[in-house]
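[1] sequence plus the predicted model coming up.
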Amino acid sequence: MRRPAIGNLWLTPFAILVVLFLLAPVFVVIPMSFSDSNYLQFPPQVWSLRWYHSYFDAAEWMAATRTSLLAASCTVLLATPIGFLSAFAIRNMRGKAAAVLFGFLLLPQVVPVILLAIGVFFIYIRLRIVDSFLGIVLAHTALAVPFVVTTVSAGLKRFDFSLDQAARSLGASRFRAIFDVMLPQIRLSLFAGAIFAFVTSLDEVVVSLFIAGGDNTVLTRKMFLALRDQVDPTIAAISTLLIVVSVIAVGVFMLAVQRDNRRREENI
């Protein structure tokens, strides 16, 4: 009985160290974004909002931001239903076919992104959609679908399919049973998949370096090019804003989970 307690003594500090190591870049980037220096400086000697003003006043940065947000929104609209239907199909399949389909859908997470970027670039050249908004959305959707499939599959494992069968036995069509019975039960998993799809599209840079350019330059690509050509502290300000967006997305999901738990407790 004492072994688990002894194990927790070293496991907890180790977990804290891992979390601090992962968060270390955040603790560096955020203070640098408030520096008044002409180069990246940590810790800042003079605190200022200079680089936030530089970001919001630059037409090129704003155009790239609009493209990224619009592409991320379109990615969510495509990846979420595709991921849900794929997870639903896998749940209803039997034998090795389900495992094969699931593995195929997870390939974008397994294959190195640089290889995917080269392959997508080669295909887009043939299709003549390089540097097009459509090409960006399609590529980001392919990268986001595995996250939706994973989260929705987890939700479907907890779903009682006897409810779906009961709804259909009472005269509901498959479409009606899915929307009225299944989706309300797995809405958190679907919402989590949508958040992953949005963040994946907003944060993607490698594929965007190959297929996004010109009037359809996304924010991450412009950040990479700016960091390569010159050390612009505006990048630190943008990175901080992206961190804030990610934290807000996670916070909204956690609030949705808490609200759902309270509803279930009230129903019980």
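    Structure received.

[2] any stretches of the stretch 1-150 of the chain with poor pLDDT?
    Within the stretch 1-150 of the chain, the segments meeting pLDDT under 70 span 1-9.

[3] can you map out the strands along it?
    Ranges of strands in the stretch 1-150 of the chain, per DSSP state E, counting those that start in this stretch: none exist.

[4] for residue 113, the count of nearby residues, please.
    14 (other Cβ atoms under 10 Å). C-betas here are computed from N, CA, C, even on glycine.

[5] in stretch 218-230, what's buried?
    For stretch 218-230, the buried set under the neighbour-count rule, 16 or more other Cβ atoms under 10 Å, comprises 218-224, 226.

[6] what about residue 16, distance to residue 25?
    17 Å (Cβ to Cβ, to the nearest Å).

[7] if we can go back for a sec, closest one of the buried residues of stretch 218-230 to residue 36?
    Distance to residue 36, by Cβ to Cβ, is smallest for residue 226 among those, at 18.8 Å.

[8] number of residues surrounding the residue nearest to the closest one when sequence neighbours are not counted?
    Using Cβ to Cβ, 6 or more residues apart in numbering and skipping residues adjacent in sequence, the residue nearest residue 226 is residue 232, 4.9 Å away. When neighbours are defined as other Cβ under 10 Å, residue 232 has 18 of them.

[9] what secondary structure does residue 232 sit in?
    On the three-state scheme (DSSP: H, G, I helix; E, B strand; the rest coil), residue 232 is labelled coil.

[10] and it, how close does it get to residue 243?
    18 Å.

[11] try residue 116
    25 Å.

[12] and these two? Which one has more around it.
    A direct count of neighbours by other Cβ under 10 Å for residue 116 and residue 243 places residue 116 higher, at 18 against 15.

[13] I'd say that one and residue 207 touch.
    Yes. If you go by Cβ atoms under 8 Å, residue 116 and residue 207 touch, sitting 6.4 Å apart.

[14] what touches both of the two?
    residue 143 (Cβ atoms under 8 Å, 6 or more residues apart in numbering).

[15] next, the contact list for the residue nearest to residue 45 when sequence neighbours are not counted, please.
    Ranked by Cβ to Cβ, 6+ apart and with sequence neighbours excluded, the top spatial neighbour of residue 45 is residue 37, at 7.0 Å. For residue 37, the contacting residues are 44-46, 233, by Cβ under 8 Å, 6+ apart.

[16] quick one, phi/psi of residue 37?
    With angles defined as degrees, to the nearest 10, residue 37 sits at phi -70, psi 160.

[17] distance of it relative to residue 91?
    Applying Cβ to Cβ to residue 37 and residue 91 gives a distance of 55 Å.

[18] neighbours of residue 40, how many?
    Counted with other Cβ under 10 Å, residue 40 comes out at 18.

[19] same thing with residue 22?
    9.

[20] mind checking how far it is from residue 240?
    Distance from residue 22 to residue 240, by Cβ to Cβ: 17 Å.
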